[in-house]
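Visitor: Generate a structure from the sequence data that follows.
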Amino acid sequence: MKQTPETVILLNFGCTDIQKFARAIRDKNIYTMVMPYTVPAERVTQENPVGLIICADSDAADRSDAKAKFSSLNLPTLDLSGKELCADAAVKFCIDECKCSCSWKMERFIDEAIADIRAQVGDGKVVLGLSGGVDSSVVAALIHKAIGDQLTCVFVNHGLLRKNEPEMVQKIFARNFNMNLCYIDASDRFLDKLKGVSEPEQKRKIIGKEFIEVFAEAAAKIDAPFLGQGTIYPDILESIPLDGDPNAVIKSHHNVGGLPENMKFKLVEPVERLFKDEVRKVGRLLGLPSELLDRHPFPGPSLGVRHIGAIERDTLEILRNADNIVTEELLKSGWYHKTWQTFAIFVPVKTVGIKNGKRSYDYVIAIRSINSVDAVTAQVVHLPWELLDTMMSRIIKEVDGVNRVVYDITAKPPGTIEWE
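Guide: Just a heads-up that it's a prediction; the model follows:
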């Protein structure tokens with residue numbers, strides 16, 4: 001049975017900054033959970049909360065009925081709206097009225113998560129789809145610390161990964177952590193299926209479907225009753241309806257979605273109530289390196305949505321090499337950790353240029369650099385001109401098939417973060 005820390009419930013009345021507010025209170029070592037105001041009082045009691053905070057963007061929202069509904073719980077309740085929504089006022093309430101001990105710390109979380117995993121899994125086996133991203137990597141390290149060789153990670157190389165990524169993931173997990181790692185190089189299988197496909201959604205569907213099939217084939221051989229997943233708290237919050245079904249409060253956002261019906265797994269999701277920054281803290285405490293934990297977010301379809309148009313092996317290699325140069329120069333300049341995502345895009349347009357003293361007719365690489373908190377909106381980063389010039393010079397010089405580099409200055413909205 002999962003152990004629960006002292007919990008303060010945030011009842012959401014359409015508060016647009018609810019995630020930010022919840023994280024700010026958690027930063028004070030007080031555990032918070034977000035629930036819609038439509039949630040039944042009985043569901044709230046299941047979390048054994050020590051207090052409630054009603055959160056609204058303005059006083060315009062009528063909260064009287066909800067306040068009456070939750071008054072029967074006889075819990076300390078704070079009603080905040082608009083400018084009152086600050087962590088200091090909430091934390092004072094949590095300490096003075098709710099008597100919180102401020103003991104929500106990642107060291108304690110790890111100990112409790114390990115106990116929970118062992119209690120849930122027993123002597124069973126767990127299979128986990130390892131992507132090399134932060135969430136799945138931290139879950140792999142956490143489950144491995146709990147049950148060791150009972151965990152097998154499946155790492156599928158679909159041929160769309162960043163430069164040297166397959167080697168890095170294998171080195172970290174198989175060699176440094178001595179973890180059971182099933183590495184599957186399915187590059188040709190994926191790229192053959194993608195040949196000639198240029199429509200973005202069709203590419204995504206092919207990549208997703210093929211990944212599920214490859215993972216399912218590997219998982220069947222392992223014969224594990226449990227599936228480890230890197231579901232995190234924002235995944236769950238995004239699936240909670242503010243109105244509508246009031247019972248849909250905690251719904252898993254399955255990362256390995258659409259598995260065949262005959263594959264029945266029990267889910268192990270140890271970080272499902274952590275925000276991204278908390279997941280990174282857990283990873284550091286477990287000994288995962290910065291080169292993995294502090295990497296920029298990477299889309300599920302990987303370079304597949306950064307290669308515009310039909311994917312060919314030679315043009316994919318152009319993108320991979322150009323993207324690696326962008327990352328290298330970003331790290332050298334100290335700008336890597338000042339941006340949320342910075343990456344290269346392959347543009348299937350040829351332009352006339354001069355390369356090595358001769359006329360050339362080659363492709364275009366675009367560079368995109370943005371900052372964002374939740375990926376809902378994004379602002380363009382004004383990278384130094386000297387840095388962009390260095391990136392451009394190296395790409396033109398070192399990457400065959402490119403003679404022009406452009407910089408994307410489009411925010412979100414109107415643009416999206418990825419080009420596809």
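Visitor: When you work out contacts or count neighbours from here on, use the C-alpha atoms and nothing else.
Guide: OK.
Visitor: Which secondary structure elements does the helix or strand harbouring I367 sit against?
Guide: With elements taken from DSSP states H and E, the one containing I367 is strand 358-371. In this structure, strand 358-371 packs against helix 313-333, strand 341-355, strand 379-380, strand 402-407, with contacts taken as 3 or more CA pairs under 8 Å, 6 or more residues apart in numbering; DSSP states H and E.
Visitor: Could I get the buried residue list for the helix or strand following the shortest one?
Guide: Per DSSP H and E, the first helix or strand lying C-terminal to strand 379-380 is helix 385-398. Buried positions in helix 385-398, judged by neighbour count with 16 or more other CA atoms under 10 Å: 387-388, 391-392, 395-396.
Visitor: Contacts made by helix 385-398 with the rest, please.
Guide: With contact meaning CA atoms under 8 Å, 6 or more residues apart in numbering, helix 385-398 is reached by 322, 325-326, 329-330, 333, 355, 402-405.
Visitor: one more time with 7 Å
Guide: 322, 325-326, 329, 402-403, 405 (CA atoms under 7 Å, 6 or more residues apart in numbering).
Visitor: cool, and stretch 76-92?
Guide: Residues outside stretch 76-92 that contact it (CA under 7 Å, 6+ apart): 21, 24-25, 51-59, 97-98.
Visitor: tell me the most buried of the helices and strands packed on strand 358-371?
Guide: Ranked by mean neighbour count under mean count of other CA atoms under 10 Å, the helices and strands packed on strand 358-371 are led by strand 402-407, which reaches a mean of 20.
Visitor: roughly how far is that one from the heart of the chain?
Guide: Counting by CA atoms, centre = their mean, to the nearest Å, strand 402-407 is centred 30 Å from the centre of its parent chain.
Visitor: strands paired with that strand, and their directions?
Guide: strand 358-371 (parallel) (DSSP bridges).
Visitor: In contact with I114, which residues?
Guide: Counted by CA under 7 Å, 6+ apart, I114 has contacts A146.
Visitor: So for S369, which of the helices and strands packed on strand 358-371 sits nearest?
Guide: The closest of the helices and strands packed on strand 358-371 to S369 is strand 341-355. By CA to CA, the value is 4.1 Å.
Visitor: on contacts alone, who are the packing partners of that closest one?
Guide: helix 313-333, strand 358-371 (3 or more CA pairs under 7 Å, 6 or more residues apart in numbering; DSSP states H and E).
Visitor: Those: which one's closest to N164?
Guide: helix 313-333 (9.2 Å).
Visitor: Run the angle between the closest one and helix 385-398 for me.
Guide: Here the directions of helix 313-333 and helix 385-398 differ by 140 degrees (axes from the mean of the first three to the mean of the last three CA atoms, to 10 degrees).
Visitor: Need the CA coordinates for helix 313-333. PDB is fine.
Guide: C-alpha atoms of helix 313-333 as PDB (Å, rounded to 0.1, in the frame of the first residue of the first chain):
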ATOM      1  CA  ARG A 313      18.800   8.000 -44.600                       C
ATOM      2  CA  ASP A 314      21.200  10.500 -46.000                       C
ATOM      3  CA  THR A 315      19.200  13.600 -45.200                       C
ATOM      4  CA  LEU A 316      18.500  12.200 -41.700                       C
ATOM      5  CA  GLU A 317      22.200  12.000 -41.200                       C
ATOM      6  CA  ILE A 318      22.500  15.600 -42.300                       C
ATOM      7  CA  LEU A 319      20.000  16.600 -39.600                       C
ATOM      8  CA  ARG A 320      21.700  14.500 -37.000                       C
ATOM      9  CA  ASN A 321      25.100  16.000 -37.600                       C
ATOM     10  CA  ALA A 322      23.800  19.600 -37.800                       C
ATOM     11  CA  ASP A 323      21.800  19.100 -34.600                       C
ATOM     12  CA  ASN A 324      24.900  17.800 -32.800                       C
ATOM     13  CA  ILE A 325      26.900  20.900 -33.800                       C
ATOM     14  CA  VAL A 326      24.100  23.100 -32.400                       C
ATOM     15  CA  THR A 327      24.200  21.300 -29.100                       C
ATOM     16  CA  GLU A 328      28.000  21.300 -28.900                       C
ATOM     17  CA  GLU A 329      28.300  25.000 -29.500                       C
ATOM     18  CA  LEU A 330      25.400  25.700 -27.100                       C
ATOM     19  CA  LEU A 331      27.300  23.800 -24.400                       C
ATOM     20  CA  LYS A 332      30.600  25.500 -25.100                       C
ATOM     21  CA  SER A 333      29.100  28.900 -24.900                       C
END
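Visitor: what about it, average pLDDT?
Guide: Regarding helix 313-333, the rounded mean pLDDT is 98.
Visitor: got it, and stretch 373-388?
Guide: For stretch 373-388, the per-residue pLDDT averages 91.
Visitor: Stretch 393-412 now?
Guide: Taken as a whole, stretch 393-412 has an average pLDDT of 97.
Visitor: CA atoms of that stretch as CSV?
Guide: Extracted in CSV, the C-alpha atoms of stretch 393-412 (Å, rounded to 0.1, in the frame of the first residue of the first chain):
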residue,chain,number,x,y,z
SER,A,393,30.0,28.3,-40.0
ARG,A,394,30.5,24.8,-38.5
ILE,A,395,27.4,23.4,-40.1
ILE,A,396,28.3,24.7,-43.6
LYS,A,397,31.9,23.5,-43.2
GLU,A,398,31.3,20.1,-41.6
VAL,A,399,28.0,18.9,-42.9
ASP,A,400,27.9,17.8,-46.5
GLY,A,401,24.8,18.7,-48.3
VAL,A,402,24.0,22.0,-46.5
ASN,A,403,24.8,25.5,-47.8
ARG,A,404,22.4,27.7,-45.9
VAL,A,405,21.4,28.1,-42.2
VAL,A,406,18.4,30.2,-41.0
TYR,A,407,17.0,31.1,-37.6
ASP,A,408,13.4,30.6,-36.6
ILE,A,409,12.1,33.7,-34.8
THR,A,410,8.5,32.5,-34.4
ALA,A,411,7.0,32.3,-30.9
LYS,A,412,4.2,29.9,-29.8
